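Enquirer: Generate a structure from the sequence data that follows.
(3 chains)
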Amino acid sequence: MKKVLDALKKYFADFFTSIRKGDIWTKLSLIIMGSGYIARKQIIKGILITAIEVFFFAFTLGFSLEYISKLNTLGTVQREEKLDLTTLTKTVNDYDNSLLILLCGVIGILFIVAFILLYISNIKKVYEVQVFAEKGKHINTFREDVKELVGSKFHITLLTLPSLGVIIMNIIPIIFMICIAFTNYDMDHQPPTYLFTWVGLDNFKNLFTSTSTITFGYAFVRILIWTLIWAFLATFTTYFGGILLAKFINDRKTKCKKLWRTLFVVTIAIPQFVTLLLVGKMFSDYGIVNSICNKIGLTAFLQDIGLVSRGLSYIPFLSKPGWIHVMVVLINIWVGVPYQMLSATGILMNIPEDQLESAKIDGATEMQIFWKITMPYMLFVTGPSLITAFIANINNFNVIYLLTNDYVTTNMKFANSNAKEADLLITWLFTLTNDYSNYKMASVIGICVFVICAVLTLISFSRMIAGNKEEEFQ
Amino acid sequence: MKRRIISMLLVATVASSLMAGCGASEQTQEETSQETGAETTESDSEADADNAVEEVSEAAEEVADTTETTESAGNAEAVENLIAATEDTVDLTLWCSETEAYQTVMAELVEDFKAQYPDIDFNITIGAESEANCKDDVLVDVEAAADLFVFPDDQLVDLVNAGALQSIDATFTYDPKTANAEATVDAASIDGTLYAYPLTASNGYFLFYNKDYLTEEDVASWDSLLAAAAEQGKTVGMEVSGAWFLYGFFAGAGLDMYLDDATGKNVCNWNATDTQYTGADVATAITEICKNEAMVNCVNEDAQAFALNGEMIADVNGTWATNAFMEAYGEGYAAVKLPTFTVNGDQVQMGSFAGYKFIGVNAYSQNPGWAMLLGEFLSNEDSQTKIAVATGEGPSNTVSASSEEIASAPALAALAEQSEYADLQRVGDNYWSPAATLGESIVEGNYTDAQTLLDDAVAGITQ
Amino acid sequence: MKKTVNMVIRHIFLAFLAFVWLIPIVWLLATSFSSYKGINTMHFFPTEWSLDNYMQLFFRPDTVANFPAWFRNSMIIGVFSCIISTMFVLMVAYSMSCMRFNGRKAVMSFAIILGMFPGVLSMIAVYFVMKLIGLSNSLVGLIVIYSAGSGLGYLICKGFFDTIPVSLRESAKLEGANELIIFSKIVIPLSKPIIVYTVINSFLAPWMDFVMAKLMIRSKDPGDWTVAMGLFNLVQRTLVGDYFSVFCAGGIIVAIPISVLFVVMQRFYVEGITGGAVKG
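Expert: Numbering: from 1, shown residues only, chains lettered A, B, ... in the order given. Predicted coordinates:
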């Protein structure tokens, strides 16, 4: 913490020293950013920097300032239209669109922040150049600057475009959605016709209240628990299933290894949403599986032992709580094991042979070898990816959404908050936005998912990031 | 509150516009009502015309009579002005049902529309959109949505609340308020403002059955229907657990569920204990029906499959399934109003939702004038007849509905028969999940106390 | 003797597993040849076989299904987004693995955290950002969406680069090569497996995703859709009765390019996953 503060202090201290000690050109750079470079004959660089400055001011003054200034209210003028019935043309007032104000406001502010950072570092650079010039040191020509971009500063070249992509596709949308959680953007406040505005922490309060009609609290806790259980089960069943299958197929006693492997890999070739929709139809109340179960008397048997209630003429694979929970996990095994098998195959091949041999010579049984050598090795190798998989399963939209699409809950408290027993947080928030335009609650739930994932990752990854392991392998 | 102000503003606009447009409109007005009258007498003379059809026509006549004083169609001058003012290509998009039949007939109609205005360069694209998702798709980004879209009536409130619909302040070629059945106009209006052009009036449900197995007496009540089916080892289908269908039982027993426009919330007394039949009575009655081994609670697609393999001889369903059941039952194909069911020992006629489809004009359309004219054209009498013939859906236009070829279709006749007991589907979003949940519980019959079950459901529906 | 029994049991068990895994695939294949268009709920195999679904798919595009156009669109999106994302991933992975600069660790942690945010939620915001840029409702927009954020998925690739001996790069540097040359002439040729892995993954994304595509492509003309969008639409309630077997045929056709890719690349794919995961 102190480190960060010190770094910040130094950051600003440097900035002010640069201004204080800078000559006229450096000071002029406070206004025309490129002037310092131009004075030291770095003409192209100077022009480029100045061009950026001009562009920034044009963008901010010409476009984003209007939105930023309305950010505090998110707009006040509601849309009004009037159709002129004699000419059939329409006049619309100059209305505010809360969504655009928020979005463009966020973009505008990001631009300003980026510009300030650039501005500060620019002054420092200009001062540096001034010092170089005073000391008579060599100042890079433009050509040399470019050369540096494929040399020691190659990372800047490499990272510029991908970072830009991430900023547009991830950072801006995320900031925007986080903001939404503090507004009343829902069915009754839909832009562009209606305005939404800031409501502070109301939505968070909603999430944790439980009355007979506001049941978000009730549904949230249960869905959160199921999400975690699901993520755990889905990750570990496919993980161990995949390893066991790979082990089984790669065993010396198995013939035609390639054939077996291909048979399982075939299931990967068909896009996941196709197989999931298909399996969903197979297990529907009057689907093919139920027809067969009926014919062979399985349904009647299950009714006899009380697993299926008498009132049903089918096995409610995907239509009753409990059943559906088990089924999604099973179907997920079906979907996930081939992938896991594929990667486990590669890792198993890499296990140092000598270890296995010596263990065998020592008289270890196969079971012992598996648990004492193979598994620890696998865990060591795939540990990090296991955590990634866990996070991915928390956000496993496809499996749950496609399989529970037709599911209707019988629990009124779930129904009142548009949730289902088998929903994950992620599918719940999708239903909220897609079917009910309830963006405010969806954002709140999204933030919760984010916090949960981030905490889990930080705990497990902290060692990996903090540790200096990467060099060891190189 | 804001919404109310807006709607008041709109009402004011309408009123002023109507005054402006009075002169030229009367002629159109008269023509429409004359036509209606002529058609009615025709169908009268055709021996025993359907009771229901007659009633519908009569109702329409009444509407036509009263409207002269209150309403009027727009003026032709405006259209002239619009044509004169249009220089560039007019780009319009139309979203309608993705079925082949719909798309083809709409494409033909659009061509006809273009032919009406030979001087204008149109670029009209037709998109395939499943009507059930129309609202969701439009509301994601109304500015990018189609200029015109066909949608079922239950989405009207949400679309209006989001400001996505252009109110039909004036009309130019005919007056939808008089030409269409009163109920459909009501359904397309909120606070007296028309928000969309009525297109079809057949989004309801009734009973398909197979004459080869069931007699007309059999299909009169659930008891006899199920008994007859069980005797022959066949089944009867209905999506009892579906919120849309479930409504029929409660409505039939005289219980209420509707959206209160003023509060934006549902009003529901399904848990009432002081009515003639209490909610609990109805719930028990439904459970009794579902306990019958011949009863299958299944969705449309399953029902069609069962009908096709000969297992299911009757199903409560809607006009969209007409072709499937015709194919499945062949010669035995028949349709009739919903059966009665037993509550507390009495036979009670099942109610239903009467559903309509509308053509809405996007409030954010770049060409509102042309969009409105196209909307009008697509929903006029001729177009409605063509659409009905092509798709099997019943028209909302009274003249068109009473025409021989349409009124004689068994499905539409059954629908007309049922319409007496049908209610306008004007429900808030909060109805669907809780009601489906309620339906699921009632069908399973594993509740201990019907009253608590209903209390919970009502709390959810009215939240 | 006991050994033979063991062998038989082992293979029977494997055969049983393979059977379970293949049932849905066989059903998909069988249904795609069914002459009945809806879902056959009574029989596993169709009662009447026909090639009509495939004919319809390829030669009779209608108002709902326009498979040739879907296939073309998905192919375009797949190819371009896979080129761009692969480049992005390699670029980011190289900077993180082989370069040393200020704030590298911070950027890495930040990228990991960023990846946690549920993408489904920010979809609507992405849509409006694209609309601002004027790229909504277009193939270019979808390409941007699938590839722009791909830099975040650099982790596995970085793990792979970490295994490339540092001495290789050092010696190249001594001979006067700059980073660009090291990147393009030394590291990339050595990273075939991980490139294949990235290529496959980024090529497949547009074939699998229907949620994002449905939101982005506002056009209701089936000719503008992608395979995933179109096939998903075919099993919606109103259509499934008439198009289910066509949907199955579509699923089979899509599987062909993917399985070819897989069979050819399987070896690299496995190496890619494991190589990256080892030092993940």
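Enquirer: shaky segments in chain B?
Expert: B:1-75 (pLDDT under 70).
Enquirer: Per the annotation, how does it divide into domains?
Expert: Using automatic domain parsing, the domain parsing of chain B gives B:1-85, B:89-195+B:357-395, B:206-353+B:407-461.
Enquirer: what about the last one and chain C, any contact?
Expert: Which is domain B:206-353+B:407-461. Yes. Counting by C-beta under 8 Å from any C-beta of the partner chain, chain C has neighbours in domain B:206-353+B:407-461: B:V299, B:N300, B:E301, B:D302, B:Q304, B:A305, B:L308, B:N309, B:W320, B:A324. For glycine as for every other residue, the C-beta is placed from the backbone atoms N, C-alpha and C.
Enquirer: Can you check the distance spanned by that domain, start to finish?
Expert: This stretch, domain B:206-353+B:407-461, spans 25 Å end to end (C-alpha to C-alpha, to the nearest Å).
Enquirer: what do you get for stretch B:310-319?
Expert: 20 Å.
Enquirer: where exactly do the strands run in chain A?
Expert: Ranges of strands in chain A, per DSSP state E, are A:81-84, A:89-92.
Enquirer: Return the set of buried residues in the first one.
Expert: Of the residues in strand A:81-84, those with enough neighbours to count as buried (16 or more other C-beta atoms under 10 Å in any protein chain shown) are A:E81, A:L83.
Enquirer: Relative to B:C268, how far out is the closest residue to B:G264 other than its chain neighbours?
Expert: Leaving out its chain neighbours, the residue that sits closest to B:G264 by C-beta to C-beta, 6 or more residues apart in numbering or on different chains is B:G428, at 6.7 Å. Distance, B:G428 to B:C268, by C-beta to C-beta, to the nearest Å: 10 Å.
Enquirer: State the pLDDT value of residue 29.
Expert: Here I'm looking at chain A. Note on A:S29: pLDDT of 86.
Enquirer: To clarify, I was referring to chain C.
Expert: So C:L29 comes in at 92 (pLDDT).
Enquirer: you'd agree it is up against C:I252?
Expert: Yes. C:L29 lies in contact with C:I252 (C-beta atoms under 8 Å); the separation is 6.1 Å.
Enquirer: contacting residues around the closest residue to chain A within the stretch 201-350 of chain B?
Expert: Relative to chain A, the nearest point of the stretch 201-350 of chain B is B:D302 (4.3 Å; C-beta to the nearest C-beta). Taking C-beta atoms under 8 Å, 6 or more residues apart in numbering or on different chains as the criterion, B:D302 is in contact with A:S284, A:D285, A:Y286, B:G237, C:T41.
Enquirer: Mind checking which of the residues of domain B:206-353+B:407-461 next to chain C are buried?
Expert: B:V299, B:N300, B:E301, B:D302, B:Q304, B:A305, B:L308, B:W320, B:A324.
Enquirer: Using a markdown table, lay out the residues you listed together with distance to B:F250 and secondary structure.
Expert: Listed next are those as a markdown table, based on distance: C-beta to C-beta, whole Å; DSSP: H, G, I helix; E, B strand; the rest coil:
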| residue | distance to B:F250 | secondary structure |
| --- | --- | --- |
| B:V299 | 20 | coil |
| B:N300 | 21 | helix |
| B:E301 | 25 | helix |
| B:D302 | 24 | helix |
| B:Q304 | 26 | helix |
| B:A305 | 29 | helix |
| B:L308 | 31 | helix |
| B:W320 | 24 | helix |
| B:A324 | 28 | helix |
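Enquirer: from the residues you listed, which is closest to A:Y185?
Expert: For those, the closest approach to A:Y185 (C-beta to C-beta) belongs to B:V299, at 33.4 Å.
Enquirer: was I right about the closest one contacting B:S241?
Expert: No. Applying C-beta under 8 Å, one finds B:V299 not in contact with B:S241, separated by 9.1 Å.
Enquirer: Please report the distance of the residue of the stretch 201-350 of chain B closest to chain A from B:I126.
Expert: Taking C-beta to C-beta, one finds B:D302 at 31 Å from B:I126.
Enquirer: give me the low-pLDDT residue ranges for the stretch 151-280 of chain C?
Expert: C:266-280.
Enquirer: Get me the contact residues on it for chain B.
Expert: So the stretch 151-280 of chain C meets chain B at C:215, C:218-222, C:233, C:236-241 (C-beta under 8 Å from any C-beta).
Enquirer: In helices only, show me these.
Expert: C:L215, C:N233, C:R237, C:T238, C:L239, C:V240, C:G241 (DSSP state H).
Enquirer: Also near chain A: which of those residues, exactly?
Expert: Okay, of those, nothing touches chain A (C-beta under 8 Å from any C-beta).
Enquirer: What is the burial count for residue 93?
Expert: Using chain A. 11 (other C-beta atoms under 10 Å in any protein chain shown).
Enquirer: look at chain C instead
Expert: 27.
Enquirer: Kindly provide the distance from the residue in the stretch 51-200 of chain C that chain B sits nearest to to chain A.
Expert: Relative to chain B, the nearest point of the stretch 51-200 of chain C is C:T63 (3.9 Å; C-beta to the nearest C-beta). Separation of C:T63 from chain A (C-beta to the nearest C-beta, to the nearest Å) stands at 21 Å.
Enquirer: from memory that residue sits against B:S130, does it?
Expert: No. When contacts are counted by C-beta under 8 Å, C:T63 is not listed as touching B:S130 (11.8 Å).
Enquirer: Which one's more surrounded, those two?
Expert: C:T63 (22 against 18).
Enquirer: In this structure C:A205 contacts C:F80, no?
Expert: No. Here C:A205 does not reach C:F80: they are 11.9 Å apart, not a contact under C-beta under 8 Å.
Enquirer: Which residues are in contact with each of these two?
Expert: By C-beta under 8 Å, 6+ apart, no residue touches both C:A205 and C:F80.
Enquirer: List the residues that contact B:A388.
Expert: Taking C-beta under 8 Å, 6+ apart, one finds B:T200, B:G394, B:P395, B:S400, B:A401, B:I406 in contact with B:A388.
Enquirer: and A:W260, what does it touch?
Expert: Counting by C-beta under 8 Å, 6+ apart, A:W260 has contacts A:I249, A:T254, C:L14, C:A18.
Enquirer: Disregarding flanking residues, what is the spatial nearest neighbour of the first one?
Expert: Nearest non-adjacent residue to A:I249, counting by C-beta to C-beta, 6+ apart: A:W260, 4.9 Å away.
Enquirer: what about that neighbour, distance to chain B?
Expert: 36 Å.
Enquirer: A:D354 - how many residues pack around it?
Expert: Neighbours around A:D354, by other C-beta under 10 Å: 8.
Enquirer: quick one: buried residues of the strand or helix carrying B:L225?
Expert: Following DSSP states H and E, the helix or strand that holds B:L225 is helix B:222-231. For helix B:222-231, a neighbour-count test (16+ other C-beta under 10 Å) marks B:W222, B:D223, B:S224, B:L225, B:L226, B:A228, B:A229 as buried.
Enquirer: hmm, that helix touching chain A?
Expert: No. Figure legend: helix B:222-231 not in contact with chain A (C-beta under 8 Å from any C-beta); closest approach 13.1 Å.
Enquirer: roughly how far is that helix from the heart of the chain?
Expert: 30 Å (C-alpha atoms, centre = their mean, to the nearest Å).
Enquirer: likewise stretch B:280-290?
Expert: With C-alpha atoms, centre = their mean, you get 27 Å for stretch B:280-290.
Enquirer: cool, stretch B:366-382 as well?
Expert: Stretch B:366-382 sits 20 Å away from the centroid of its parent chain (C-alpha atoms, centre = their mean).
Enquirer: Just confirm yes or no for that stretch near chain C.
Expert: No. Using C-beta under 8 Å from any C-beta, stretch B:366-382 never reaches chain C; the gap is at least 14.8 Å.
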